[in-house]
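> no FASTA, just this:
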């Protein structure tokens with residue numbers, strides 16, 4: 001059960017919205033389980049290997065021993081409320097990390113003390129960079145044979161180009177790992193091995209480590225002074241205190257200039273208290289983030305809402321739906337409330353869809369369990385039960401509409417064909433696929449126009465395997481599944497120019513369009529961007545959407561082998577206009593042909609996502 005303190009209404013400054021992210025098998029879910037235990041949210045420790053952890057509650061997660069979906073829960077620590085999301089570490093479920101980081105204020109990146117930075121560590125780190133999420137680093141598995149905690153810190157610095165600042169000095173490594181020296185307070189914490197690390201002792205630093213610890217403390221002070229001017233001034237004046245160092249490191253962490261780094265061994269319950277203290281000391285509260293940014297619904301006009309401290313009621317409501325799940329036919333939508341208060345019974349505007357809805361039921365979620373609550377306050381994460389809402393939708397006050405920035409959805413990289421066995425299976429398949437696509441935006445469904453077969457697309461073979469399993473187990477669908485096929489992408493490698501003048505006569509009436517455009521390569525992961533730079537005299541504004549439609553379709557078809565194109569910018573630079581014959585159809589055809597010409601001139605190639 002969750003601590004009762006969680007249910008109290010906190011001030012914004014007493015809230016932390018935290019994600020746990022890592023490469024698969026770095027110990028992320030085990031770390032989360034220990035956090036829940038020591039915070040009093042659970043009374044018994046579960047283990048990943050036997051499928052008994054709180055956050056790995058899906059049957060597929062328990063069977064495979066990996067996280068598949070992001071699990072949300074709430075705990076209390078040091079008079080603060082921590083909304084915690086345990087994210088998957090497998091690359092196939094990167095969408096879960098993406099949507100979680102979109103609504104989180106801080107994160108803990110877990111690294112293995114043996115392997116250091118691993119491939120998915122880099123992926124989730126780049127995702128956090130893109131969202132500007134401040135981070136802590138937790139070097140886990142310091143008790144493993146071959147563990148080298150300081151080498152793991154070095155790999156964070158070198159491979160992630162980050163600035164990890166070690167707050168502790170490990171006492172021993174591998175099976176001899178028994179504690180840490182707190183370099184901020186210059187004390188030693190050792191764990192009682194007979195209690196499997198549950199009990200610990202804070203004491204003076206052992207004499208044999210005092211010299212090394214003193215040198216490491218000097219390095220810590222210097223590292224913080226390098227990233228915070230106030231600490232530098234205090235160091236120069238000779239007046240620096242521990243409180244100065246904590247405050248300076250917090251400022252640097254929030255600004256992205258430093259990554260406080262701690263050591264531990266989650267499986268042996270070592271280092272979790274220190275990690276939770278660091279979450280409170282160094283990671284941001286919603287109050288640290290400033291006004292909420294968005295747009296006027298239906299436009300690109302920027303709009304912001306100021307925070308109101310405390311309790312936040314003075315600001316109009318703004319909330320973002322970031323995850324959808326189902327229990328039977330009952331939908332649960334996870335939301336982050338940024339401003340105002342979302343109350344049961346409220347009439348709210350779905351600014352993304354332009355519709356009104358009534359909030360009938362709200363809950364606070366603990367993995368796959370929930371408690372009904374009357375309201376979700378600013379800064380908090382909760383769930384709306386029963387309403388039809390999609391991932392990325394903005395909920396707001398009808399009197400103060402705002403559309404928050406939506407969640408980026410990665411393009412699928414693999415497809416398989418699915419054929420139901422019977423007509424009944426076909427009906428269940430359609431319903432099941434619709435539900436799964438609503439739960440997971442990175443999972444897509446289409447009908448192949450040539451074969452009329454249902455094709456499902458996802459982030460990898462494991463992703464699609466899980467989808468098919470859920471169709472069979474949860475929804476009772478009997479279906480045949482084809483072999484996985486990689487969904488390649490095409491791109492360009494340099495600049496290319498294209499021009500097309502389309503003209504024809506239909507029933508005595510002319511249809512014409514003339515377009516000149518430029519195609520340029522952009523950075524990896526930037527997607528496809530269309531922009532119009534043509535003068536109005538050559539391309540009237542009312543025909544620009546037709547040009548874009550033609551270009552969009554050509555980009556989707558590709559120019560090499562029928563794969564859609566990405567990582568490019570298309571700039572319309574000119575064209576021609578006939579006052580009688582120019583029409584949308586003519587500009588659409590001209591736009592498509594001009595793009596194909598420009599793309600061929602821009603040295604196209606295959607890009608495997």
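Ah, there it is. Keep in mind that this is a model prediction, so the values were computed, not measured.

> next SSE downstream of the top strand by length along the chain?
Using DSSP state E to define each element, the chain has its longest strand at strand 509-521. Next along the chain after strand 509-521, taking DSSP states H and E as the criterion, comes strand 528-532.

> pull the distance from that next one to the chain's centre.
25 Å (C-alpha atoms, centre = their mean, to the nearest Å).

> which positions in stretch 434-445 come out as buried?
435, 436, 437, 438, 439, 440, 441, 442, 443, 444, 445 (16 or more other C-beta atoms under 10 Å). For the C-beta atoms, the positions are set from N, CA and C on the backbone; glycine is no exception.

> mind giving me JSON lines with those residues and columns for pLDDT, distance to residue 579 and secondary structure?
Formatted as JSON lines, the buried residues of stretch 434-445 follow (pLDDT from 0 to 100; distance: C-beta to C-beta, whole Å; DSSP: H, G, I helix; E, B strand; the rest coil):
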{"residue": "435", "pLDDT": "89", "distance to residue 579": "52", "secondary structure": "helix"}
{"residue": "436", "pLDDT": "89", "distance to residue 579": "51", "secondary structure": "helix"}
{"residue": "437", "pLDDT": "90", "distance to residue 579": "46", "secondary structure": "helix"}
{"residue": "438", "pLDDT": "91", "distance to residue 579": "47", "secondary structure": "helix"}
{"residue": "439", "pLDDT": "90", "distance to residue 579": "52", "secondary structure": "helix"}
{"residue": "440", "pLDDT": "91", "distance to residue 579": "50", "secondary structure": "coil"}
{"residue": "441", "pLDDT": "91", "distance to residue 579": "44", "secondary structure": "coil"}
{"residue": "442", "pLDDT": "91", "distance to residue 579": "47", "secondary structure": "coil"}
{"residue": "443", "pLDDT": "90", "distance to residue 579": "48", "secondary structure": "coil"}
{"residue": "444", "pLDDT": "89", "distance to residue 579": "43", "secondary structure": "strand"}
{"residue": "445", "pLDDT": "89", "distance to residue 579": "45", "secondary structure": "strand"}
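
> so which bits of the longest strand of the chain are buried?
Those would be 511, 512, 513, 514, 515, 516, 517, 518, 519, 521, for strand 509-521 by 16+ other C-beta under 10 Å.

> okay, who's weakest in those residues by pLDDT?
Ranked by pLDDT, those bottom out at residue 511 (87).

> just to revisit the earlier point, how far off strand 528-532 does the longest strand of the chain point, in degrees?
130 degrees (axes from the mean of the first three to the mean of the last three C-alpha atoms, to 10 degrees).

> hang on, the earlier thing: can you list the buried residues of strand 509-521 in CSV and add distance to residue 108?
Output for the buried residues of strand 509-521, formatted as CSV (distance: C-beta to C-beta, whole Å):
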residue, distance to residue 108
511, 60
512, 60
513, 55
514, 56
515, 50
516, 51
517, 46
518, 44
519, 42
521, 36
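
> looking at these, which is nearest residue 180?
Nearest to residue 180 out of these is residue 521 (C-beta to C-beta; 47.7 Å).

> in contact with the closest one, which residues?
491, 492, 493, 494, 495, 567, 568, 602 (C-beta atoms under 8 Å, 6 or more residues apart in numbering).

> sorry, back to before: among the buried residues of stretch 434-445, which two are most distant?
Among the buried residues of stretch 434-445, 435 and 442 lie farthest apart (C-beta to C-beta), at 14.9 Å.

> what residue of the chain is the furthest out?
residue 508 (55.7 Å; C-alpha atoms, centre = their mean).

> how far away is it from residue 494?
44 Å (C-beta to C-beta, to the nearest Å).

> three-state assignment of the most centrally placed residue in the chain?
Nearest residue to the geometric centre of the chain (C-alpha atoms, centre = their mean): residue 98, 2.1 Å. For residue 98, the secondary-structure state derived from DSSP: H, G, I helix; E, B strand; the rest coil is helix.

> so it versus residue 351, what's the distance?
21 Å.

> cool, residue 185 as well?
For residue 185, the distance to residue 351 - C-beta to C-beta - is 48 Å.
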